[in-house]
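> Mind folding the following:
(2 chains, ligands or ions: 1)
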Amino acid sequence: MSRPLHTVVCLKVVPKSEEVQVDRESMTLDRTKARSEINPPDMNALEMALSLKDCYGGRVSLLSMGPPFVAAYLRMGIAMGADDAYLLSDRAFGGADTLATSLTLASAVRKIGGSDLVLCGEESSDGATAQVPPGIAAWLNIPQATYALSIAVEEEGFAFVTREIQGGEEDLAVPLPAVVSVKVGVNEPRFMDIDRLHNADQLSPVSVWTAADLDVDPGAIGIGGSPTTVAGLRTATTGGGRRRQVLSGTPDEKAALIYEEIMRYLGVTTPAT
Amino acid sequence: MPESLYGPGEASGIWVFLEHEDGEIVPVSRELLGKARELAGRSESSLTGLVMGNDVEDVAAKASRLDLDRVLTVPHPRLEPFTAEANSFAAAAAIRAQRPDVLLMGATPYGRDLAGRLAVMLQTGLTADCTDLDLEPDSGLLLGEVSGFGGDILAMIKCERRRPQMATVRPGVFAETGHRRAAPAPIDTFAVDVPAQAVPVRVLARRKHHGVDISRAGRLVIAGRGVQGEMSLVESLARVLDAEVGATRVAVDEGWIGRDRQIGQTGIVVRPGLAIVCGASGATQFTVGIDKAGLVVALNQDPEAPIFEQADLCVVEDLFPVVRALLARFESEGAMPS
Ligand SMILES: Cc1cc2nc3c(=O)[nH]c(=O)nc-3n(C[C@H](O)[C@H](O)[C@H](O)COP(=O)(O)OP(=O)(O)OC[C@H]3O[C@@H](n4cnc5c(N)ncnc54)[C@H](O)[C@@H]3O)c2cc1C
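Numbers count the residues shown, from 1 in each chain, chains lettered A, B, ... in the order given. Presented below is the predicted three-dimensional model:
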């Protein structure tokens, strides 16, 4: 057994991807009709942090960057068992790419006073780049382990991480502090404790920080600190080329049509290799 | 904004990180070389393959036959087994010294680990998980195409002032050209000292699954939640079709099939000639993985299911009787041409 752990969990609140409407004319995303949720992979990271706390004791802090309404989601995390929550909310953070985002989050981890572990979800359902966790690790100049399936802290100062790699798994001994991203779907996030939800503000009010609260170069955050920019947008043609032919008939007749189509297709085309 | 380590005026050449495993260059790196060669041709740049590791002579020799202008090896015993910390340390040293304009890497677990760390160390822009790469007409800047939320909008991302311009691309996005050099390309070596402190993480064990690589499968039968765990039915259909079995994340999370067969954003991008998709709703995170398939047959009982937007043949029906009938038909007609 080791000493109690302090874990910071980075959470991102995203619109539910299936509810985001795309206006193909103006090429904008209409998120107004979409409800928000905590990025599902981040819920796995939170569950991992809470189960580490169950195992070793210690403290779980939540960290998110986003508009003020995100505080409500952080309270849900408190209701699940987290101890405190920090929301980075400032227009100055807006428009950040992964370089500026990972700097902002790393600066907040420093301001929190550091931690043994920083846990993130493997990627976000909207950005989906998986580059923020290694970015945070690089800014803090600490080790990283990504796509973690399990974490154990059986020896003072080390996390033993089993993680997914291409076509297999790896066991790592990672000295703490470290950033670990958690593989999506590795656990079943626990339910909120409704009493804790009602009392979340008394238990631990969400600390809201602006850029001025962080020890960070204002030119290195937000859109100004982001070296990448959008050069253009276009609508995807995904599936556009598909025939979308609806087959009719009984199940048997449909099967016969599929059979013929497959034979015709394979007869004239060699499968891609 | 803090200074870039070197600017556009001092940068030249396209580098591709050649990831290797058991002495072989992994497919995504070879796929990237094909695209990089096209970009190098258009921008009149030279194309370098970056090989990092311990005993890299054999890999470098193999690399030198691929369609590139030069191989750059960065050898050091501490670079294997792979850790992001050691490899980013060594790669950053080589990049600062030689100043490439563009650095491309595969969006594999190792490639992403390295790219994310390296971009911060080099204070530059990274466009991750590109679905295509291009050059901006007048500026010649690298454009990384990424799919926005929901996959319906594609954004072209560029990095104007910092170098190198970094991008990662998922396996399977580009097809391998197979072009090879007649005479081997020159092999340069960049000497680097990797101190022990640069390697904080110890790799204790590595296990490879004996699973298949479905990214190269010519035919796939794909199971979604609608299959309800009846994997034997899907497997039988795959067998008569001489196909591999793939799955949505739900089917994997349910434990019906191994994670190495998951298709999609957090799984694998596949490009089979034929894909039969059984009981999948068609979430964008799934369909990005089958975008490059030839003929797509979708079976779903819900006429509103988004999968039908992405299918050539739409079968609005309970999948079980249809698959059973199809199976019976193939079984009675004998073996499939393969
Ligand atoms: C960050 C992130 C990354 C993700 N990455 C991936 C990924 O890589 N791959 C992936 O697949 N998903 C991924 N997902 C999950 C994705 O959003 C969907 O939840 C998932 O693809 C749904 O799987 P499904 O289609 O099998 O299940 P469901 O969405 O539940 O669909 C099941 C379908 O089966 C149909 N059905 C049920 N019974 C029958 C029947 N008897 N006959 C015919 N049809 C039937 C239903 O009508 C329904 O449409 C990701 C999600 C997030 C947030």
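> mean confidence for whichever strand or helix holds residue A:147?
Secondary structure assigned from DSSP states H and E places residue A:147 in strand A:144-155. Averaged across strand A:144-155, pLDDT comes to 94.
> what's the next helix or strand along the chain from that strand in contact with?
Taking DSSP H and E as the definition, the helix or strand that follows strand A:144-155 towards the C-terminus is strand A:158-165. Applying C-beta atoms under 8 Å, 6 or more residues apart in numbering or on different chains, the contact partners of strand A:158-165 are A:117, A:145-154, A:169-176, A:178, A:180, A:183, B:109-110, B:204, B:206, B:259. For every residue, glycine as well, the C-beta is placed using N, CA and C.
> Please indicate which of these are buried?
By the neighbour-count criterion of 16 or more other C-beta atoms under 10 Å in any protein chain shown, the contacts of strand A:158-165 include these buried positions: A:117, A:145-151, A:153, A:169-170, A:172-174, A:176, A:178, A:180, A:183, B:109-110, B:259.
> Need the nearest residue in space to residue 81, chain neighbours excluded.
No chain specified, so I'll use chain A. residue A:50 (4.8 Å; C-beta to C-beta, 6 or more residues apart in numbering or on different chains).
> think we crossed wires, I meant chain B
With C-beta to C-beta, 6+ apart as the measure, residue B:203 is the residue that lies nearest to residue B:81, at 4.2 Å, once sequence neighbours are left out.
> circling back to that earlier point, give me the neighbour count for the residue nearest to residue A:81.
Residue A:50 sits with 20 neighbouring residues when counted by other C-beta atoms under 10 Å in any protein chain shown.
> where does it fall, helix, sheet strand or coil?
The three-state label for residue A:50, taken from DSSP: H, G, I helix; E, B strand; the rest coil, comes out as helix.
> So it sits against residue A:60, correct?
Yes - between residue A:50 and residue A:60 there is a contact under C-beta atoms under 8 Å: 6.1 Å.
> bridging residues for residue B:145?
Here residue B:145 sits in beta bridges with residue B:132, residue B:156, going by DSSP bridges.
> Contacts only, for residue 243.
If you meant another chain, say so; for now it's chain A. Counting by C-beta under 8 Å, 6+ apart, residue A:243 makes contact with B:311, B:312, B:313.
> let's do chain B instead
Residue B:243 makes contact with B:217, B:218, B:219, B:220, B:221, B:237, B:272, B:274, B:276 under the criterion C-beta under 8 Å, 6+ apart.
> Where does the prediction get shaky in the stretch 51-200 of chain B?
For the stretch 51-200 of chain B, applying pLDDT under 70 flags the ranges B:148-152.
> Now do the closest residue to the ligand within chain A against residue B:207, distance only.
Of all residues in chain A, residue A:125 sits closest to the ligand, with a separation of 3.5 Å (C-beta to the nearest ligand atom). Distance of residue A:125 to residue B:207, given as C-beta to C-beta, to the nearest Å: 29 Å.
> And residue A:90, by the same measure?
Here the criterion is C-beta to C-beta. By it, residue A:90 lies 45 Å from residue B:207.
> can you count the residues close to the closest residue to residue A:172 other than its chain neighbours?
Once its chain neighbours are removed from consideration, residue A:172 has its nearest residue in residue A:161; the separation is 4.7 Å (C-beta to C-beta, 6+ apart). One way to gauge burial is a neighbour count; for residue A:161, by other C-beta under 10 Å, it gives 26.
> bridging residues for residue A:161?
For residue A:161, the beta-bridge partners are residue A:151, residue A:172 (DSSP bridges).
> Let's see the pLDDT reported for it.
For residue A:161, the model assigns a pLDDT of 98.
> what is the mean pLDDT for stretch B:269-280?
Mean predicted confidence for stretch B:269-280 is 94.
> Stretch B:35-47 vs chain A: in contact?
No - interface with chain A: stretch B:35-47 contributes nothing (C-beta under 8 Å from any C-beta of the partner chain), its closest point being 15.2 Å away.
> can you confirm residue A:186 is in a strand?
No - when three-state DSSP is applied, residue A:186 is found to be coil, with no strand at that position.
> how about stretch A:250-261 against chain B, any contact?
Yes - counting by C-beta under 8 Å from any C-beta, chain B has neighbours in stretch A:250-261: A:251, A:252, A:254, A:255, A:256, A:257, A:258, A:259, A:261.
> Could you list the buried residues of that stretch?
Neighbour-count burial for stretch A:250-261, counted by 16+ other C-beta under 10 Å, picks out A:251, A:254, A:255, A:256, A:257, A:258, A:259, A:261.
> What residues does the stretch 1-150 of chain A have near the ligand?
In this structure, the stretch 1-150 of chain A approaches the ligand at residues A:40, A:41, A:123, A:125, judged by C-beta under 6 Å from any ligand atom.
> Try it again at 5 Å.
If contact is defined as C-beta under 5 Å from any ligand atom, the residues of the stretch 1-150 of chain A in contact with the ligand are A:40, A:125.
> Would you state the strands of the stretch 1-150 of chain A in chain order?
Under the criterion DSSP state E, counting those that start in this stretch, the stretch 1-150 of chain A carries strands at the ranges A:5-10, A:13-15, A:21-23, A:28-30, A:36-38, A:58-65, A:84-88, A:117-121, A:144-155.
> tell me how far stretch B:35-46 is from the chain's mean position?
The offset between the C-alpha centroid of stretch B:35-46 and the centroid of the whole chain comes to 20 Å, using C-alpha atoms, centre = their mean, to the nearest Å.
> For that stretch, give the mean pLDDT please.
Along stretch B:35-46, the predicted local confidence has a mean pLDDT of 97.
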